[in-house]
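Asker: Pasting the sequence and the predicted model now:
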Amino acid sequence: MFIINCPYCGDRDQTEFSCHGEAHIPRPTETKKMTDEEWGEYVFFRTNPKGYHRERWLHDHGCRRWFNALRHTVTDEFVASYKIEDPRPPIPDNGGQS
Amino acid sequence: MTQTHRLLEGGLVDRSKPLTFTFDGMTYTGYQGDTLASALLANGVRLLGRSFKYHRPRGLIAAGSEEPNALMQLETGPYTEPNTRATCVELYDGLVAKSQNRWPSLGFDVGAANSLVARFLPAGFYYKTFMWPASMWMTYEKYIRKAAGLGVSPTENDPDVYHGTYAHCDVLVIGAGPAGLAAATAAASGGARVMVLDENNTPGGALLGTSNNAASLEFIKRSEQALEQHENVQLLTRTTATGYYDYNYITALEKVTDHMGPGNGGKSPRQRFWKIRAKQVVVAAGSIERPLVFADNDRPGVMLANAVGTYINRYGVLPGNDVVVFTNNDSAYQVALDAAENGGVVTVVDTRPSVSSSLKTQLEQKNIKLFQGHAITSVQGAKGVESVRVMKLSADGDSVQGQAWEIDCSVVASSGGWTPSCHMVSQSGGKLKYIESIAAFVPDESRLKKTSPNISAGSCNGSFDTATCIQQGARAGLDAATRCGFDGAAASGDSFQVNEIPLGTISPLWLVPTTHPVGEGRSKHFHDFQNDVTAADIQLAAREGFVSVEHLKRYTTTGMATDQGKTSNLNALAIMANIQGVSIPEVGTTTFRPPYTPLTLGAVGGQESRELFIQERQTPMHEWHVDNGAEFEDVGDWKRSWYYPQAGEDMHSAVQRETLAVRESVGMLDASTLGKIDIQGKDAVKLIEMVYTNNWQKLAIGSCRYGLMLNEHGMIFDDGVTTRLAENHYHMTTTTGGAARVMGWLEEWLQTEWPEWEVYCTSVTEQWAVMAINGPKARELLQDITDIDVSKDAFPFMTMREGKVAGVPARVYRISFTGELAYEVNVPARYGKHLIEALAAAGKKYDLCPYGTEAMHVLRAEKGFIIVGQDTDGTVTPQDMDMDWIVSKTKEEYLGNRSQARIDTQRAARPQLIGLLTEDPTVVLPEGAHIVSEVSDAPPMPTIGHVTSSYMSPNVGRSIALALLQDGINRKGDVVTLRLMNGEVHKATVSDTVFVDAEGVRVRG
Amino acid sequence: MDNPVKATPLEMAAIDVDGLTVAELGLVNKINLRGDFDSQACNAALTELLGMDCRLEANTYVSNSASTLFWLGPNERMLYTDGDPQSVAERWRAAPGTAAVDVSDYSTVLRLSGAKTRDVIASGSPFDVHPQHFGVGQCTQTRFGNASVLLSNHADTPVFQMQVRWSFARYAFDYIKRVADYV
């Protein structure tokens, strides 16, 4: 049961949040010009790393803001959480050990 | 009955407060302060149960929560609880306990015949024997479960109440023994918020079982007083930390009123489940003594050495007069001294070739005989120890030799060393390391999980003398508080005299040899008592290749009983290591899993049971529905009126009546549960254009439009009507179940993809109470109670008007989900009750009929209106629903647009929505019924579609159905075949989906 | 019909047991305000509208005799006002880039007081309401059981308010009532 740092509200219990998968997948523009493969890549394919993962979280039972978080999928360590408009914090270079 | 084994004095029991209890129908007496175990022992009751697999007679092994054998069926009727450990049940007056797993009686148990066929019940027996045919498992299982059964579950509802609560602290201390008390005192001294948990009914831990109670009790009292001075400290007794999860989230079970007996807790909950979030954790969980694994070491009377000490010192019970202490380390010598001190005739059998002269001197002073370099090779006495045989060990410890000595005794106190309780640290994600000098694992402080910071102190950290425990505890408490930003007093710790003998030099002898090889002959070397697993089973597992610790565990079931292998795990690992010729760390350990000790589901659920299990959402008109006899349907979390049966009506006739009334006169439906979203901002229409498939730019102010939402897969995920209230102001409705999902969907896109758009979405679902009035007389009814001009031209279909209805401000939407002339009247929720009462009163002269969701379903199906989630299932496109008309051909972008052109969404023979008219008009097809291309006697049959909605329609005068059928739109007029689960076969004609008023005249009337 | 009955979800139900008093506050005018509250223009407009300094730290509220303004999110506030919600909303909407919605009936407000208040809330909420962590003047949205709530601390004695959606009000009330016996 994580503690998650909402960039607006601070540390909160995981049960106030929901996770919505990989972050930083912008919706393509001019979709009609895309091939099925390109569109399929956007709609269906996600990375599934064993290690650091940037993902989208929603503070459902709180301020109802969406934000991004950098989480390690093995240790569940949240390295950072950051607002949608913020630059991406770097991935630690320790290979994911914590 | 007299307490034959009770000492005249000593211990923490109150001899002035006798308590009466029964065990297997016999009445006994114990004292306040006893556990059920100590009270039974005081009465000389040794045989407490039968073992799991072989039904061997079993007695007490331990004095604490690690007890594997003494599982009791406690109390009767709805209060009965199986598998309670007698060592953890505090005695109360009137307690009723029964032994388990015996038939017809404990003394004579038919199942004990299993012992005679033991060679046919080895490890993996069930897997090997009952694997094939798989279908027979269900039959076997019934008998196996019964034969191997532990206690029985109550059949009645649990009359007790439970409480769950969250808690927060800076420092959580698990265990209130010497280390835990020192840690808590140190942590609290600087002002930190501290919680201390202990499974006992009083703090003190192992100190409670030592022989100089006075000094120990004074220390405990000092510590308690020191903690009481701090308002931020909470000391919880009878509270076991059961689980340690990520980010220092610890769950704990507090037995609030269990010790009072059933029904005696007043309003207090029986148990409380704590969900604790701690910044830092000090684990001071203590350690558990390991039994030695020797031949027939499960006979009643063979106990852990410290248990014998605890029964003597804490409970004033001498388990037997003739005691043999069997050990491979020094700590059990204290038990020998304590037993002798209290009148026991004691012999010590030590596997080590020589012991220190000081120990020898102490034994001599008490006339205790000592066998050095010897081992117990057999135990006599089927239902209780009568004597043991002792022989000299070979130098390598692998065999015994020479003369056998027979020693008469009733108790064997065995000690194979101590296993630190690393459960919590392991659960937290921390790793363990093996320490040769104590022959056990301890937490590896360099390999803890970063997200769950904790410090281990005391004997769970491998330090077994009280002084070191206290020092370590004080240090850990101070460090933990410092990490939380608190200064603390210098962590000096307390000190006092304890009668204890430290571990000394342990000489592991993991498997004690006997006169014949292990596994041969009738004797058994048990390491896991509760699951009846022996050293021979481990040998078998090794021979069959199950050498990985995880395989070993599952194949032999060692460590998998309710005691989770507290006394057995390390012995099992070590025996396997010896067989393989590797070190213990190379064999590894299994990861400890919650819960530490069994806990009740009632406690986990806490107060969130019965009507608080799932929130029941109610509309403002709920009470009116109740008063008018509504039956309710669960829709999402909502209670919606399902139908309103009148006297003598069943559901079918009520629904038929309501359905007819709407098309013949007028009906009203509570539609408050529909999701509603207020959308404002200059870019509002851009958002609406993106989330719906159709065009919205030209929607006039005051007009409504139906919209379909797709996900990016191109599949329908919600629908509803959206109304333009003002230039940049819209009111969107969603399905009842989809309200939160749609709101989240809009916000996700706005916040993550289009943050520069100026659009604000606000849920207003409960702001508005909504009554839908439907039917040819809807206008007349509404006219009577509103100041809005509801004439056909002034208030056309798909528009909204504001005004007063029943004297209160209202928004009225002329939209219809029945195909009838209809209005949805929205008033602020505070007026919901007023509105429905006003409508009911005004509607009398029009035969206004309240109708529920079932009639609503029939009415909309008669019109072929889909319900998202019923006629759609997340795999259907607008085209599949024959709704291509609502998909814009001119819009550049909307969510899911590109998927419309995917190969899969374009392929032929996709399932499409059609109507079905059964050959026999009285047949109502079950929803989910399969349309098959060929019928055979039994499945599988090729399926080409299925029924999504099916009703008896009083307005059509026959049954109607909607279905998804491959290439269905092109198959109208065809006759298809449906094969039901019960084997019935029906024919039906593929039809249009609109069964009533195909031209749509009525809705525009 | 001239005198329509107004109702609250709990019809002013109350709890009065040892250590806990709960009362439904009745019909409170509530407006959801949106806008860029960091901007000079928004802040000035709000200060003008409510007659108090309306700059808010996250998860705090301010109040004067007529109004209480709660932080809900970076661009979202909840306003309780004695004024007419429609006209307040209209005046707020006059500021650029703003929105306002009358949500008076969307939720109801429970007032909890007495020594058991914090323990009752802790029974259902994972949010830490210890005075060192959640003082007077602070508010938060969190979870109580399965209901989303807006909690605020109004006095050390303690006095808390819990705003809960109309359809969850009965559930939250029953929840409080049940645990009041247990803590």
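Answerer: Received it, and whenever you're ready, just let me know what you need. Numbers count the residues shown, from 1 in each chain, chains lettered A, B, ... in the order given.

Asker: B:Glu67: what's it in contact with?
Answerer: By C-beta atoms under 8 Å, 6 or more residues apart in numbering or on different chains, the contact list for B:Glu67 reads B:Ala37, B:Leu60, B:Ile61, B:Arg85, B:Ala86, B:Thr87, B:Cys88, B:Asp563. C-beta: built from backbone N, CA, C; applies to glycine.

Asker: hmm, 6 Å instead?
Answerer: Applying C-beta atoms under 6 Å, 6 or more residues apart in numbering or on different chains, we find B:Glu67 in contact with B:Arg85, B:Thr87.

Asker: who in chain C is up against chain A?
Answerer: Within chain C, the positions near chain A by C-beta under 6 Å from any C-beta of the partner chain are C:Ala58, C:Asn59, C:Gly73, C:Pro74, C:Pro126, C:Gln141, C:Thr142, C:Arg143, C:Ser148.

Asker: and if you look at chain B?
Answerer: Of all the residues in chain B, those lying near chain A are B:245-247, B:249, B:450-451, B:712, B:751-753, B:898, B:902-903, going by C-beta under 6 Å from any C-beta.

Asker: again, 7 Å this time
Answerer: Within chain B, the positions near chain A by C-beta under 7 Å from any C-beta of the partner chain are B:245-247, B:249, B:449-451, B:712-713, B:744, B:747-748, B:751-753, B:755, B:893, B:897-899, B:902-903.

Asker: now, which of the residues you listed lie close to chain C?
Answerer: Near chain C, by the rule C-beta under 7 Å from any C-beta, you find none of the residues of chain B next to chain A.

Asker: Would you mind measuring from the residue in the stretch 601-750 of chain B positioned nearest to chain A to chain C?
Answerer: Across the stretch 601-750 of chain B, the shortest distance to chain A (C-beta to the nearest C-beta) belongs to B:Glu712, at 5.0 Å. In this view, B:Glu712 and chain C are 26 Å apart by C-beta to the nearest C-beta, to the nearest Å.

Asker: Look up the closest residue to that residue, ignoring the ones flanking it.
Answerer: Excluding its sequence neighbours, the residue lying closest to B:Glu712 (C-beta to C-beta, 6 or more residues apart in numbering or on different chains) is A:Val43, at 5.0 Å.

Asker: For that neighbour, which residues are in contact?
Answerer: B:Glu712, B:His713, B:Ser899 (C-beta atoms under 7 Å, 6 or more residues apart in numbering or on different chains).

Asker: Please narrow these to those residing in strands.
Answerer: Assigned to strands by DSSP state E, none of the contacts of A:Val43 qualify.

Asker: which one of the residues you listed is nearest B:Val385?
Answerer: Closest approach between the contacts of A:Val43 and B:Val385, by C-beta to C-beta: B:His713, at 70.5 Å.

Asker: element containing the most centrally placed residue in chain C?
Answerer: The centre of chain C sits closest to C:Gln163, judged by C-alpha atoms, centre = their mean, with a distance of 4.5 Å. According to DSSP states H and E, C:Gln163 maps onto strand C:159-165.

Asker: before we move on, the earlier item: now go through the residues of chain B next to chain A and say which are in strands.
Answerer: Per DSSP E, the subset of the residues of chain B next to chain A in strands is B:Tyr245, B:Tyr249.

Asker: Can you select the buried ones among the residues of chain B next to chain A for me in PyMOL?
Answerer: This is how PyMOL selects the buried members of those, with burial counted by 16 or more other C-beta atoms under 10 Å in any protein chain shown:
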select buried, chain B and resi 245+246+247+249+449+451+712+713+744+747+751+752+753+897+898+899+902
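
Asker: Can you give me the neighbour number for the nearest residue to B:Met941 once chain neighbours are set aside?
Answerer: Leaving aside its sequence neighbours, B:Met941 sits nearest to B:Val932 (C-beta to C-beta, 6+ apart; 4.4 Å). Number of residues near B:Val932 (other C-beta atoms under 10 Å in any protein chain shown) recorded here: 20.

Asker: and B:Val932, bridged to which residues?
Answerer: For B:Val932, the beta-bridge partners are B:Thr943, B:Thr977 (DSSP bridges).

Asker: cool, and B:Tyr643?
Answerer: On the basis of DSSP bridges, B:Tyr643 is bridged to B:Glu631.

Asker: just checking, it touches B:Met651?
Answerer: Yes. Using C-beta atoms under 7 Å, B:Tyr643 is in contact with B:Met651, at 6.0 Å.
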